[in-house]
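A.B. asks: got a sequence here, can you build the structure:
(one chain, ligands or ions: 1)
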Amino acid sequence: MGCDLAKTAVVVVAPEEPEESGAEFSETQIDTIRSTWPLLARDIARVGVEVFTRIFRETPSVRSLFDSFGINDIDNLQHHELFREHAQKFMHVLETLVDNLEHPEMIQPSLVALGARHAAVEGYHPEYFRFYTKCMLEVWEMELGEEFIAEVRDCWTRVINYIVRCMGHGYHISVTDQLDAFVHKEGNMDKLIIEKT
Ligand code: HEM
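C.D. replies: Got it, this is the predicted structure:
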């Protein structure tokens with residue numbers, strides 16, 4: 001039986017503004033992430049589809065948020081173009097962070113903006129992040145097999161937590177009407193254009 005937000009008590013906590021100074025990822029962590037990413041990225045479309053099939057199977061309330069394809073039969077979703085496209089967009093967000101681990105602050109405004117865009121999705125709540133995190137790590141374990149040791153898990157948890165923190169902040173400033181101030185803050189405007197196509 002899948003876990004579902006509808007059965008869970010939800011507490012809204014304002015996420016902290018992401019750190020702008022200090023190394024977010026150590027050299028060792030960066031090495032670990034960069035040595036495992038190619039194993040996941042070599043078949044990026046399939047792995048993305050695995051993550052989302054798992055999320056949708058376990059969390060029907062997440063699936064129902066996706067107007068354009070959520071209604072489709074779960075066993076056929078992997079062939080649905082928009083579903084595949086979405087899964088790839090998700091994987092590319094991860095890839096952008098993997099590429100910028102030395103200076104994640106460079107992509108932070110884009111992640112904050114992405115979180116803010118999610119605030120416009122009807123029925124969305126940042127609490128759903130934990131389902132994404134759980135399913136992503138489960139798929140990583142399946143894909144990496146014996147290489148998915150505790151240290152690897154910890155490093156990837158840091159990666160997803162960084163994204164969740166930035167997106168959570170974006171959601172928060174969006175629902176509290178602080179988005180304009182963020183976008184016009186010095187420096188953020190330039191960084192907002194960094195996005196993988
Ligand atoms: C690690 C966290 C997440 C990442 C990296 C991510 C990434 C993305 C990206 C890149 C888009 C496309 C945005 C655009 O084209 O403007 C998107 C859209 C969307 N995301 Fe997320 N997302 C995350 C978490 C979530 C969560 C937790 C939910 C909620 C259940 C969610 C639901 C949606 C929905 C409903 C859309 C719109 C899809 C559509 O119909 O086009 N996302 N997300």
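A.B. asks: from here on, contacts and neighbour counts on C-alpha atoms
C.D. replies: Will do.
A.B. asks: now the residue of the chain found nearest the ligand: how far from Val51?
C.D. replies: Among the residues of the chain, Phe129 lies nearest to the ligand; the distance is 4.0 Å by Cα to the nearest ligand atom. Plainly put, Phe129 is 13 Å away from Val51 if you go by Cα to Cα, to the nearest Å.
A.B. asks: those two: which is more packed in?
C.D. replies: Neighbours per residue (other Cα atoms under 10 Å) separate Phe129 from Val51, with Val51 holding more: 22 against 17.
A.B. asks: so who does that one touch?
C.D. replies: Ala87, Tyr132, Cys135, Met136, Val139 (Cα atoms under 8 Å, 6 or more residues apart in numbering).
A.B. asks: make it 10 Å
C.D. replies: Ala87, Phe90, Met91, Tyr132, Thr133, Lys134, Cys135, Met136, Leu137, Glu138, Val139, Trp140 (Cα atoms under 10 Å, 6 or more residues apart in numbering).
A.B. asks: which of those residues fall within strands?
C.D. replies: Restricting those to those inside strands, with DSSP state E as the criterion, leaves an empty set.
A.B. asks: overlap in contacts, Phe129 and Val51.
C.D. replies: Shared contacts of Phe129 and Val51 (Cα under 10 Å, 6+ apart): Cys135.
A.B. asks: for the chain, which residues are neighbours of the ligand?
C.D. replies: For the chain, the residues found near the ligand under the criterion Cα under 6 Å from any ligand atom are 62, 65-68, 89-90, 93, 118, 121, 124, 126, 128-129, 132, 163-164.
A.B. asks: mind doing that once more with 5 Å?
C.D. replies: On the criterion Cα under 5 Å from any ligand atom, the ligand has as its neighbours in the chain the residues Val62, Leu65, Phe66, Lys89, Phe90, Tyr128, Phe129.
A.B. asks: quick one on the thing from earlier: out of the contacts of Val51, who's nearest Leu111?
C.D. replies: Within the contacts of Val51, distances to Leu111 taken as Cα to Cα reach their minimum at Phe90, with 11.6 Å.
A.B. asks: surely that closest one touches Leu111?
C.D. replies: No: counting by Cα atoms under 10 Å, no contact exists between Phe90 and Leu111, whose distance comes to 11.6 Å.
A.B. asks: neighbour count: those two, which is higher?
C.D. replies: Neighbour count, other Cα under 10 Å: between Phe90 and Leu111, Leu111 has more, with 27 against 16.
A.B. asks: confirm for me that the more buried one is in contact with Asn188.
C.D. replies: No: taking Cα under 10 Å as the definition, Leu111 is not a contact partner of Asn188, at 11.1 Å.
A.B. asks: joint contacts of the two?
C.D. replies: Taking Cα under 10 Å, 6+ apart as the contact criterion, the residues that touch both Leu111 and Asn188 are Glu105.
A.B. asks: okay, now the unreliable bits of the protein?
C.D. replies: Counting by pLDDT under 70, the low-confidence segments of the chain come to 1-22, 186-187, 189-197.
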